[in-house]
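Asks: show me the folded form of this:
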Amino acid sequence: MWSNRIVVVFVIALVVVAAVDAVRGSDPNKSAPPSAAPTTTASTAVAQNSVVHRSLVGGDMAHDVRSPVWSPDGRRIAFTRLVGDGFLLAVTTAHGSQSQILKRRTVDVRPVWSPDGRGLAVICYPRGLAPQLVHNDLYVVGAAGVRQRLLTRNAVADTPAWSPDGRKILFVRRHAGIDDVYVTNADGTATQLLASGVRPSSGALGAVGSLPDPVWSPDGHRIAFISNRAGVSGIYVMNSDGSRQRRLARGAASEFAPVWSPDGTTIAFGLGDGEESRYNDDIYVINADGSGLRRLTSDPAGDFDPVWSPDGRRIFFQTQRDGNAELYVIKADGSGERNLTRNPAYDSSPAIAPSGRRIAFVTTRNGSQQVFIINVDGTDPRPLTHVIR
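Replies: Predicted coordinates for the structure are as follows:
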């Protein structure tokens, strides 16, 4: 089902990786996890992981790059890259001067840095199976690429989330079309069910609106997530132990992608009129106690994927309002809305540096999907990963 061009690029990439590994004397299968087994929660240390270093400039790391995420110290950016019918996890310096392949056979789900920057949580599909949002494994991969740990097997279906203290990881397990939110220690022990029957999946796996998106509050005491228990997807908040689950907004529209403000008092989210469509979404904010619901954007096109600035004063988001995907910013009070990218290409997936001064994002402006960096005011766009021709 993939185009000949992607197949050719994939084959070339495999040849290059094989040549590098041969020179280094490493075994690319050395760190492969055991074959699929019944669902279990066990901490499994996996020995040395094969690491490939190369320059990003003109290299093979640029083709169909997605999901950029800054490290907590702002010095590195992790991202995923399409290879064949799956993805790999890589990390590069913030200048794009050097990269490492950390993990292969990942799914198209955003990687998540540990708060100390020493590792990333990532979802991988078992060897011999096609990538999908069921039957997947949750790993923690060392940021240097030399160690990885299998935390839990089978049916991990959503982006994991580290607790602010780095001790626990949230994840979603899907079984028979039903999603449950779990938490596990960062070493894979003491897995606990927090919220069951959170969301019967609707539409295709991975479709917009079909995942719970659990996220920790900045103090680690509460968790926000999406559920359609009320017949439409809405934002719920619970204590970190799963107690006191309650819905915040009680409208008839569908709510998506909750994100806590840095001070933990407010949640920004997308709200739209369709379960599987985001083309009529707008950005809203609500107080963490359910009061003070406010609409920040109002446009017939879709506004979605809100991201707070580190100081909590602004919200960045993606929009379709200009006929193509652009990145906008708006003040937290709803004023000062502005287009940051102003380019006919498809610009998406904004990630704000911890300093608040730069934005990494995905764009097609050079003819292939890659990562660019711009200043927070929209100036000085420059490629972090370069295009393969």
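Asks: what's the strand or helix carrying residue 77 packed up against?
Replies: Taking DSSP states H and E as the definition, one finds residue 77 inside strand 76-83. The contact analysis (3 or more C-beta pairs under 8 Å, 6 or more residues apart in numbering; DSSP states H and E) places strand 76-83 against helix 4-24, strand 65-70, strand 86-93, strand 99-106. C-beta here means a position set from N, CA and C on the backbone, and glycine is covered the same way.
Asks: I figured residue 183 hits residue 173, correct?
Replies: No - the pair residue 183 and residue 173 does not pass the contact test of C-beta atoms under 8 Å, sitting 11.1 Å apart.
Asks: now do the strand holding residue 77 against strand 99-106, angle only.
Replies: Counting by axes from the mean of the first three to the mean of the last three C-alpha atoms, to 10 degrees, strand 76-83 lies at 50 degrees to strand 99-106.
Asks: list the contacts of the residue nearest to residue 358 when sequence neighbours are not counted.
Replies: What sits nearest to residue 358 in space, not counting adjacent residues and going by C-beta to C-beta, 6 or more residues apart in numbering, is residue 373, at 5.5 Å. With contact taken as C-beta atoms under 8 Å, 6 or more residues apart in numbering, residue 373 is in contact with 94, 358-361, 381-382, 384.
Asks: what of residue 342?
Replies: Residue 342 makes contact with 326, 378 under the criterion C-beta under 8 Å, 6+ apart.
Asks: give me the element it is part of.
Replies: Short version, using DSSP H and E: residue 342 is in no helix or strand.
Asks: contacting residues around the residue nearest to residue 338 when sequence neighbours are not counted?
Replies: Closest residue to residue 338 apart from its sequence neighbours, by C-beta to C-beta, 6+ apart: residue 329 at 5.5 Å. Residues in contact with residue 329, defined by C-beta under 8 Å, 6+ apart, are 314-317, 336-338, 340, 376.
Asks: so where does residue 329 fall, helix or strand?
Replies: strand 326-331.
Asks: got the buried residues for that strand?
Replies: 326-330 (16 or more other C-beta atoms under 10 Å).
Asks: tell me the mean pLDDT over stretch 189-202?
Replies: Here stretch 189-202 scores 81 as its mean pLDDT.
Asks: sorry, slip of the keys, the one I care about is stretch 381-389.
Replies: Per-region confidence: stretch 381-389 scores 66 on mean pLDDT.
Asks: now stretch 143-154
Replies: 80.
Asks: domain parsing for the protein?
Replies: If you go by automatic domain parsing, the domain ranges for the chain are 1-27+41-131+359-389, 157-339.
Asks: any idea which of those scores lowest on pLDDT?
Replies: Among these, domain 1-27+41-131+359-389 carries the lowest mean pLDDT (a mean of 67).
Asks: next, the buried residues of stretch 67-82.
Replies: Quick answer for stretch 67-82 (16+ other C-beta under 10 Å): 67-71, 74, 76-82.
Asks: do me a favour and get the end-to-end distance for that stretch?
Replies: Length of stretch 67-82, first residue to last, C-alpha to C-alpha, to the nearest Å: 11 Å.
Asks: contact partners of that stretch?
Replies: Residues outside stretch 67-82 that contact it (C-beta under 8 Å, 6+ apart): 6, 61-66, 87-94, 102, 106, 108-113, 115-117, 120, 143, 349, 351-355, 360-362, 371, 384-385.
Asks: quick one: distance of that stretch to the chain centre.
Replies: Here stretch 67-82 is found 10 Å from its chain centre; the criterion is C-alpha atoms, centre = their mean, to the nearest Å.
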